[in-house]
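Visitor: Sequence below, structure please.
(chains A and B)
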Amino acid sequence: MRVFVFFVQEGWSSLRRNPAATLAAVTALGAVLFVLLLLLLLSHNILVLAERLEERKGLSVFLTPGLAAERVTELRHHFASFPEVRTLRFVGRAEALADVEHELGAESIGEALGANPLPDTFLLLPALEARDAETLERLAREIEAYEGVEDVLYGRRWVTALDQGLSVVHRANALSGGLATLAIILVLGNTLRLLVLMREEQLHVMKMIGATDAFLRAPFVAAGSLLCLLGGVASQALLYIGYLIVRNLMPGIRFLPPLWVAGFFLGVGLVGIVGSWATVQASLHTLERRGAMTHA
Amino acid sequence: MIAFEHVHKQYPTQRGEWALEDLQLTIEAGEFVFILGHSGAGKSTILKLITLEEHPTRGRVTVAGFASDTIRRDEIPQLRRRCGVVFQDFRLIKDKTIFENVAYCLRMTGTLEHAVLTRAVARVLHSVGLYPKRDRFPQELSGGEQQRAAIGRALIHQPPILLADEPTGNLDAATGEEVMDVLVRLHHAGTTILVATHDEDLAQRLATRRLVLDAGRVVEDLYLRPHGTEVY
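Guide: Residues are numbered from 1 along each chain as shown, chains lettered A, B, ... in the order given. Purely as a prediction, here's the structure:
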């Protein structure tokens, strides 16, 4: 723990010694991370919306009119035993009519039509993992083949569109995460290279008096991680302020959940550590090679 | 303690020229060796080969049990902790106090406990006469004091070997004497010392052994005093 604190202090003091480079790096990292956070916020709100739509991904199984009660019970047992089915509800034709009348606000549709035209129906809600278009289609076809089932309906088009939309969101997230990682490594690389160059002589002396490579690298890795965390805090603060302003205009908008925020900082910290380590390693090797060329 | 076996050294920028050519040399524990020669004669190269800042192009250098042809990269820091190094231009860290400059070397070996650090640094700073100025920054000290601080830093690991590259090169005669006094005291305490210098008078006065290099070859290897003699 003492070693960790020592390296963090060393990293921090090297940042304080170069306030201009530190400020430039934090601003650049903050801007990159802000764009990433903005995309994450957008994705999060799309996913929240999609989650609500997911609940509507049910199948309506219409039964043949006049089907015997025993057969209805058999079908109920069959459908309930499907692993893809989370809930199964039987809606009798009278209940269905009452629902329609209730939804339309017209209580005498049945009387107007003379007879109830609606069939008995099973409302089937698939399990979460079975809500993709492909599984729903397979399930619908399978159920349709049962004797006593007249038709199976589900929102084929919008389910496909939703799936495709969500897949675009996930791919956009992965792409923006990858681009942000690259941008972070570029900014870190330039800043740390500058810090290494500014301490070139000191690093050479430290090597000569017996510093290990790990000891030379650690303060820079700490500095790089601190830069990333500072950039992360700045971008989160900016995003939250922006959210507070926009919330009044768009009441439905939600901020990133704590788990996402924690994941964001964890990711930024990891990229900071790995990126700094790789950059410093390369810079130190360059210094070593240059040293060998110039110490004739 | 230090052995050069048919060592050749050529730098990539010096094709066709040897910085050192077929160097055969053994230095025993407790010697006070002065290496003399013109600029480019190979004095600094010998010191760099001892710390393995440079590797021989041919031949082998053995220092305190570590051989240049078999040493692993992760063993090099251990070798360097057995060879204190003093540079002509001191190379102290400007934004750390003298205490911190010396303490930093201990920290890099994992010694972080304040009481241990303070004791060890105080011992070293007392030995070079700088304890009262421990809280000063390098630029607040004279050249001689900075060089003594650099010697203190080199001594923090209690190395059996001390290498000094033109240690008085940036100092006037009086402050140069102060620095050499410290080296003489260390020699008396049993440290093996190698000094690369242009100053023949210093060598004549203090060395137990004098090596003269010319164009990468040893042209003179003279024992001025029997081994074990204390110079004044």
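Visitor: where along chain B do the strands fall?
Guide: For chain B, the strands defined by DSSP state E cover B:2-9, B:20-27, B:32-37, B:58-63, B:66-67, B:83-86, B:161-165, B:192-197, B:209-214, B:217-223.
Visitor: ranking those by burial, who's on top?
Guide: Sort the strands of chain B by mean neighbour count, taking mean count of other C-beta atoms under 10 Å in any protein chain shown, and strand B:83-86 sits at the top with a mean of 26. (Glycine included, C-beta is placed from N, CA and C.)
Visitor: Briefly note if that one comes near chain A.
Guide: Yes. Counting by C-beta under 8 Å from any C-beta of the partner chain, chain A is contacted by strand B:83-86 at B:G84, B:V85.
Visitor: That strand pairs with which strands, parallel or anti?
Guide: Sheet pairing here is set by DSSP bridges, and for strand B:83-86 it gives strand B:161-165 (parallel).
Visitor: Relative to B:L141, which of the strands of chain B is closest?
Guide: Between B:L141 and the strands of chain B, the tightest spacing by C-beta to C-beta is seen for strand B:83-86, at 15.2 Å.
Visitor: Run through who's touching that closest one.
Guide: With contacts defined as C-beta atoms under 8 Å, 6 or more residues apart in numbering or on different chains, strand B:83-86 is touched by A:208-209, B:47, B:50-51, B:63-64, B:147, B:150-151, B:153-155, B:157, B:159, B:161-165, B:167.
Visitor: who's in contact with A:L47?
Guide: Contacts of A:L47 (C-beta under 8 Å, 6+ apart): A:L166, A:V169.
Visitor: any idea how far it is from chain B?
Guide: Separation of A:L47 from chain B (C-beta to the nearest C-beta, to the nearest Å): 47 Å.
Visitor: before we move on, which element is that residue in?
Guide: Assigned by DSSP states H and E, A:L47 falls within helix A:19-54.
Visitor: Mind listing what's buried along that helix?
Guide: The neighbour-count check on helix A:19-54 (16 or more other C-beta atoms under 10 Å in any protein chain shown) flags A:21-22, A:25-26, A:28-34, A:36-37, A:39-41, A:43-45, A:54 as buried.
Visitor: what about residue 182, neighbour count?
Guide: Went with chain A since none was named. Other residues within reach of A:L182, judged by other C-beta atoms under 10 Å in any protein chain shown, total 13.
Visitor: look at chain B instead
Guide: 22.
Visitor: Touching, it and B:V128? I think so.
Guide: Yes. Using C-beta atoms under 8 Å, B:V182 is in contact with B:V128, at 5.4 Å.
Visitor: nearest residue to A:R199 other than its sequence neighbours?
Guide: Excluding the flanking residues, the one nearest A:R199 by C-beta to C-beta, 6 or more residues apart in numbering or on different chains is A:S14, at 7.2 Å.
Visitor: Show the contacting residues for the one you found.
Guide: A:L195, A:R199, A:P219, A:F220, A:A223.
Visitor: Can you mark which positions in the helix or strand hosting it are buried?
Guide: Using DSSP H and E, A:S14 sits within helix A:2-17. Neighbour counts over helix A:2-17 (16+ other C-beta under 10 Å) mark A:F6, A:F7, A:V8, A:E10, A:G11, A:S14, A:L15 as buried.
Visitor: Stretch A:250-267 too?
Guide: For stretch A:250-267, by 16+ other C-beta under 10 Å, it's A:L256, A:V261, A:F264, A:G267.
Visitor: what's the answer for stretch A:140-150, then?
Guide: For stretch A:140-150, burial by neighbour count (16+ other C-beta under 10 Å) applies to A:A140, A:I143, A:V149.
Visitor: pLDDT below threshold where in chain B?
Guide: B:226-232 (pLDDT under 70).
Visitor: Now with 80, please.
Guide: B:13-16, B:109-112, B:225-232 (pLDDT under 80).
Visitor: ok, and the closest non-adjacent residue to A:M208?
Guide: B:V85 (4.9 Å).
Visitor: The one you found bridge partners, please.
Guide: B:L163.
Visitor: distance of it from A:L29?
Guide: For B:V85, the distance to A:L29 equals 38 Å [C-beta to C-beta, to the nearest Å].
Visitor: can you check A:Q164 too?
Guide: Distance of A:Q164 to A:L29, given as C-beta to C-beta: 34 Å.
Visitor: Next: B:G40.
Guide: In this view, B:G40 and A:L29 are 47 Å apart by C-beta to C-beta.
Visitor: can you check B:A154 too?
Guide: As judged by C-beta to C-beta, B:A154 and A:L29 stand 39 Å apart.
Visitor: What segments of chain A are helices?
Guide: Along chain A, counting by DSSP state H, helices occupy A:2-17, A:19-54, A:69-80, A:93-104, A:109-113, A:133-144, A:156-198, A:200-208, A:213-249, A:258-294.
Visitor: Give the rounded mean pLDDT of the last one.
Guide: If I follow you right, that is helix A:258-294. Per-residue pLDDT values across helix A:258-294 average out to 81.
Visitor: tell me which parts of chain B are close to chain A?
Guide: Residues of chain B lying near chain A (C-beta under 8 Å from any C-beta): B:11-14, B:19, B:44, B:48, B:51, B:53-54, B:73-74, B:77-81, B:84-85, B:87, B:91, B:93, B:95, B:104-105, B:107-110, B:112-113, B:153-154, B:157.
Visitor: Drop anything exposed from these.
Guide: Buried members of the residues of chain B next to chain A, counted by 16+ other C-beta under 10 Å: B:11, B:19, B:44, B:48, B:51, B:53-54, B:77-81, B:84-85, B:87, B:91, B:93, B:104-105, B:107-109, B:153-154, B:157.
Visitor: just to revisit the earlier point, can you give me the angle the helix holding A:S14 makes with helix A:156-198?
Guide: 80 degrees (axes from the mean of the first three to the mean of the last three C-alpha atoms, to 10 degrees).
Visitor: quick check, distance from helix A:2-17 to the centre of its chain.
Guide: 33 Å (C-alpha atoms, centre = their mean, to the nearest Å).
Visitor: Between helix A:200-208 and it, find me the angle.
Guide: Interaxial angle, helix A:2-17 versus helix A:200-208 (the same axes, to 10 degrees): 160 degrees.
Visitor: Just want the most central residue of chain B.
Guide: Residue closest to the average C-alpha location in chain B (C-alpha atoms, centre = their mean): B:L163, at 1.2 Å.
Visitor: That residue: what's it in contact with?
Guide: By C-beta under 8 Å, 6+ apart, the contact list for B:L163 reads B:L47, B:I50, B:T51, B:C83, B:G84, B:V85, B:V86, B:I193, B:L194, B:A196.
Visitor: Same list (the buried residues of helix A:2-17) but as TSV, adding pLDDT and distance to A:Q236.
Guide: Shown next, in TSV, are the buried residues of helix A:2-17 (pLDDT from 0 to 100; distance: C-beta to C-beta, whole Å):
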residue	pLDDT	distance to A:Q236
A:F6	84	28
A:F7	86	25
A:V8	89	20
A:E10	83	26
A:G11	86	21
A:S14	82	24
A:L15	85	19
